[in-house]
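A.B. asks: Sequence isn't available, so here's the structure alone:
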C-alpha cells in the first residue's frame, strides 16, 4: 500500500527490527525443517543476547525455552514479533501484537497478494497502520546485522561487517549477497528483506539507513515502487550514496515480479525509473555484479574532485580494456601531459625505457614493488590528480603479495588527501587473496578491468550528484 512520505513512527521503530531487546517467534517449532525452528536456531547461533519467547499453543517448551500459547500470554515486554504461521492465522496474531503493544512485527508468511489475495493483505496492512504497528513483509526471508550479531529469519549466515546496507525485495538475491559477503568480503552494515512490503516501505528503510552510523552506502534491490514520490523524497534527504537495481521491466518480468512479491509494473517503463532515480540522486546499476561492485566502492572511498583519473598498471592489455571502458562510460582518461605537465617525467623514473607514461601508465610486466610504490606515490601526491586506478597482472616476476602491501601502505599514508584508490588484480587464485586483503583494508579491488572502471565511474557520478545537491 502507498505511503505519502516516510512516517516518523515507523522510522523510529525500525531500531527494534534490527536491535530488539526481546523477540517473540510465532510459529516456533520443534522440527528442524520448519522456518519457526530455524529463526530461533540462527538467532542463538549468531549471538543474539536478548530475550527469546517461542509462541506455540501445542507445546510448553521449544528448543529448551519456555513457550507460550499466544503473544498476549507472554508476561514480559516484547519489541519484535516474527510471524511464521499460515496466512489465515496472521490477523489474530496482529490483534495480539496490538494488545501487547509490540514495537514492530515481521511476517515471513507467504500466500498474500502475490497469489491474488490482495484484499487480505490490504486489510492487515490497514489494521497495522490504524494502530501504528509497523509491519515488515509479508513474504520475506528476514533481516540482520553483523555489528549487532543479529540474524533473524531463515538465513544461514551473517555477512562480514562493512559499509553497505542491503535493502531487498528478493530473499534469494539477498541470500546471494550474503554469500558474496562471506566469500568475497563484501561488507554490510545491515540487511533486510522486504518481500511484498505491504506496510513498511523502501522510503522508511532509506531514512533509517541515513541515520545508521555503520552505513556508508545504501544498496536497494527493487521489484516495484508503490510510492515513488516518497522514495524520491527520502533519498533526497539522505547524505549517503544510494545504488539501485530495478527488475521486472521486461514483458515476462512484469508478470514474474507480481508472482514473486506482488510488485506492480504495468504502465511503467525504464525511462520512468531512470527519471525517478535521477530525481532521487541514486545511481542505477543494470546488472547484479555492477550493483555489488559500485556499492562496495561507494561505501569505502571518497569521490574524486574532478575527472583526472590516473591508471597505473604492469599490463598493457589491462590498460587498454580500462581506457576503452572509461570512454564508453563517458569519462575518457586524459594523458598525463594534460593532467600535470611534470607528472610523466616523474613517473618515468620508476619504469623501464620501454614503459609507457601516457595514461594508462604501463610500468611494464617486469615492474617491481619498488617501481609500483614510486609510480603510485608520484601520482597520488600530484595535486592535479583526482583518483588512482591500479592494476596488477601477475607475470612470473610479479610479487603480487608485495605489491598488495605497497598499495595498502600508499593508501594509508595518503588517504587524508581524499582521493579514491581502486585496484584491479586480474589473474587466477594468486589474485583472490590479495583482492580480499585490499578490501579488508578499505580499498575496493576487483578481478576485471571493467569492474574496477565501473567502480570509479560510480564514485565520479556520486561526486556530481553531491555537487548538484549543494
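C.D. replies: That came through, no problem. For clarity, every value in this text was computed on a predicted model and none was experimentally measured.
A.B. asks: Could you pull up the residues touching residue 288?
C.D. replies: Going by C-beta atoms under 8 Å, 6 or more residues apart in numbering, residue 288 touches 173, 176, 245. (Each C-beta comes from the backbone N, C-alpha and C, glycine too.)
A.B. asks: what sits up against the strand or helix carrying the first one?
C.D. replies: This means residue 173. When elements are assigned from DSSP states H and E, residue 173 belongs to helix 171-184. For helix 171-184, contacts defined as C-beta under 8 Å, 6+ apart pick out 140-142, 155-160, 162, 166, 168, 186-188, 191, 193, 195, 219, 221, 288, 292, 435-436, 439.
A.B. asks: Let's see the PyMOL selection covering just the buried ones among these.
C.D. replies: Selecting only the buried entries of the contacts of helix 171-184 in PyMOL, with 16 or more other C-beta atoms under 10 Å as the criterion:
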select buried, resi 140+141+142+155+157+158+159+160+162+166+168+186+187+188+191+193+195+219+221+292+435+439
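A.B. asks: And the helix or strand hosting residue 413, what does it pack against?
C.D. replies: Following DSSP H and E, one finds residue 413 within helix 400-414. Secondary-structure packing of helix 400-414 (3 or more C-beta pairs under 8 Å, 6 or more residues apart in numbering; DSSP states H and E): helix 369-381, strand 387-392, strand 421-425, helix 429-440.
A.B. asks: and of those, who's closest to residue 46?
C.D. replies: helix 429-440 (20.7 Å; C-beta to C-beta).
A.B. asks: Does anything pack onto the closest one? Which helices or strands?
C.D. replies: The contact analysis (3+ C-beta pairs under 8 Å, 6+ apart) places helix 429-440 against helix 171-184, helix 400-414, strand 421-425, strand 445-446.
A.B. asks: related to what we said a few turns ago, give the buried residues for the helix holding residue 413.
C.D. replies: Those would be 400, 403-408, 410-411, 414, for helix 400-414 by 16+ other C-beta under 10 Å.
A.B. asks: what's the answer for stretch 163-172, then?
C.D. replies: Here stretch 163-172 shows 163-171 as buried, counting by 16+ other C-beta under 10 Å.
A.B. asks: I'd like the helices and strands packed on helix 429-440 as CSV, with distance to residue 49 and mean pLDDT appended.
C.D. replies: As requested, the helices and strands packed on helix 429-440 are exported to CSV (distance: least, C-beta to C-beta, whole Å; pLDDT from 0 to 100):
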stretch, distance to residue 49, mean pLDDT
helix 171-184, 21, 96
helix 400-414, 34, 98
strand 421-425, 38, 98
strand 445-446, 34, 98
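A.B. asks: Let me know which of these is the nearest to residue 465.
C.D. replies: Checking the helices and strands packed on helix 429-440 against residue 465 by C-beta to C-beta gives strand 421-425 as the closest, at 18.5 Å.
A.B. asks: The closest one - which strands sit beside it in the sheet, and in what orientation?
C.D. replies: The pairing partners recorded for strand 421-425 under DSSP bridges are strand 387-392 (parallel), strand 445-446 (parallel).
A.B. asks: what helices or strands is the very next helix or strand once past the helix holding residue 173 leaning on?
C.D. replies: Where DSSP H and E defines the elements, the next helix or strand beyond helix 171-184 is strand 188-193. Strand 188-193 sits against helix 15-18, strand 142-145, strand 161-168, helix 171-184, helix 202-211, with contacts defined as 3+ C-beta pairs under 8 Å, 6+ apart.
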